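> fold the following for me, if possible:
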Amino acid sequence: MPSLSSLRPLQRQVCATRTTTVSRRWASHGHGPKFNEPTGYLFGEKPLAPGEKRKWESWEAAWYIGMYGSMGLACVLLYYKPDTSINTWALKEAKARMEARGEKTD
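Residues are numbered from 1 along each chain as shown. Have a look, this model is predicted:
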């Protein structure tokens, strides 16, 4: 870690000239650009020969199980969700009050 006194001239240089050489020195960690070179194939996969099966990558099975499993669980939970609407509560309350007064409810 550079000392504070050694940073001050660099700060002055960056503020005065706005050069990118100093900022590159601090931002660059010695790694090159990270991207996949274009291959010309859709999603970077070669077309399969007739009768050939595509090999799954390691993350695909977990993704399909997780995605469709969570959708199925959400459907089940939404189907059995309790009815908490204000209309249902008001209907029950009105019937209870009418029965308490002795009136008929249909």
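> only C-alpha atoms for contact and neighbour calcs from this point on.
Fine.
> point out where the chain drops to low pLDDT.
By pLDDT under 70, the low-scoring segments of the chain are 1-33.
> just the buried positions in the helix ranked longest in the chain, please.
Taking DSSP state H as the criterion, the chain has its longest helix at helix 60-79. By neighbour count on 16 or more other C-alpha atoms under 10 Å, the buried set for helix 60-79 is empty.
> send the alpha carbons of that helix over as CSV?
C-alpha atoms of helix 60-79 as CSV (Å, rounded to 0.1, in the frame of the first residue of the first chain):
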residue,chain,number,x,y,z
GLU,A,60,-28.4,-27.0,-16.9
ALA,A,61,-30.0,-29.8,-14.9
ALA,A,62,-30.0,-27.8,-11.7
TRP,A,63,-31.5,-24.8,-13.6
TYR,A,64,-34.3,-26.8,-15.1
ILE,A,65,-35.1,-28.5,-11.8
GLY,A,66,-35.0,-25.3,-9.9
MET,A,67,-36.9,-23.2,-12.4
TYR,A,68,-39.8,-25.6,-13.1
GLY,A,69,-39.8,-26.9,-9.6
SER,A,70,-40.3,-23.4,-8.2
MET,A,71,-43.0,-22.7,-10.7
GLY,A,72,-44.8,-25.9,-9.7
LEU,A,73,-44.5,-25.1,-6.0
ALA,A,74,-45.8,-21.5,-6.6
CYS,A,75,-48.8,-22.9,-8.5
VAL,A,76,-49.7,-25.3,-5.7
LEU,A,77,-49.2,-22.6,-3.0
LEU,A,78,-51.4,-20.2,-5.0
TYR,A,79,-54.1,-22.8,-5.5
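> what residues does it touch?
In this structure, no residues lie in contact with helix 60-79 by C-alpha atoms under 8 Å, 6 or more residues apart in numbering.
> in the helix or strand following that helix, what counts as buried?
Per DSSP states H and E, the first helix or strand lying C-terminal to helix 60-79 is helix 86-101. Residues of helix 86-101 include none that count as buried (16+ other C-alpha under 10 Å).
> any residues touching helix 86-101, and which ones?
Contacts of helix 86-101 (C-alpha under 8 Å, 6+ apart): Lys104, Thr105.
> okay, it in PDB with CA atoms only?
Written as PDB, here are the backbone C-alpha positions of helix 86-101 (Å, rounded to 0.1, in the frame of the first residue of the first chain):
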ATOM      1  CA  ILE A  86     -62.600  -8.100   2.000                       C
ATOM      2  CA  ASN A  87     -65.700  -9.300   0.100                       C
ATOM      3  CA  THR A  88     -65.500 -12.800   1.700                       C
ATOM      4  CA  TRP A  89     -65.000 -11.400   5.100                       C
ATOM      5  CA  ALA A  90     -67.900  -8.900   4.700                       C
ATOM      6  CA  LEU A  91     -70.300 -11.700   3.600                       C
ATOM      7  CA  LYS A  92     -69.400 -13.900   6.600                       C
ATOM      8  CA  GLU A  93     -69.800 -10.900   8.900                       C
ATOM      9  CA  ALA A  94     -73.100  -9.900   7.500                       C
ATOM     10  CA  LYS A  95     -74.500 -13.500   7.700                       C
ATOM     11  CA  ALA A  96     -73.300 -13.700  11.300                       C
ATOM     12  CA  ARG A  97     -75.000 -10.400  12.300                       C
ATOM     13  CA  MET A  98     -78.200 -11.300  10.500                       C
ATOM     14  CA  GLU A  99     -78.300 -14.700  12.300                       C
ATOM     15  CA  ALA A 100     -77.700 -13.000  15.700                       C
ATOM     16  CA  ARG A 101     -80.700 -10.700  15.000                       C
END
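> all set now, cheers.
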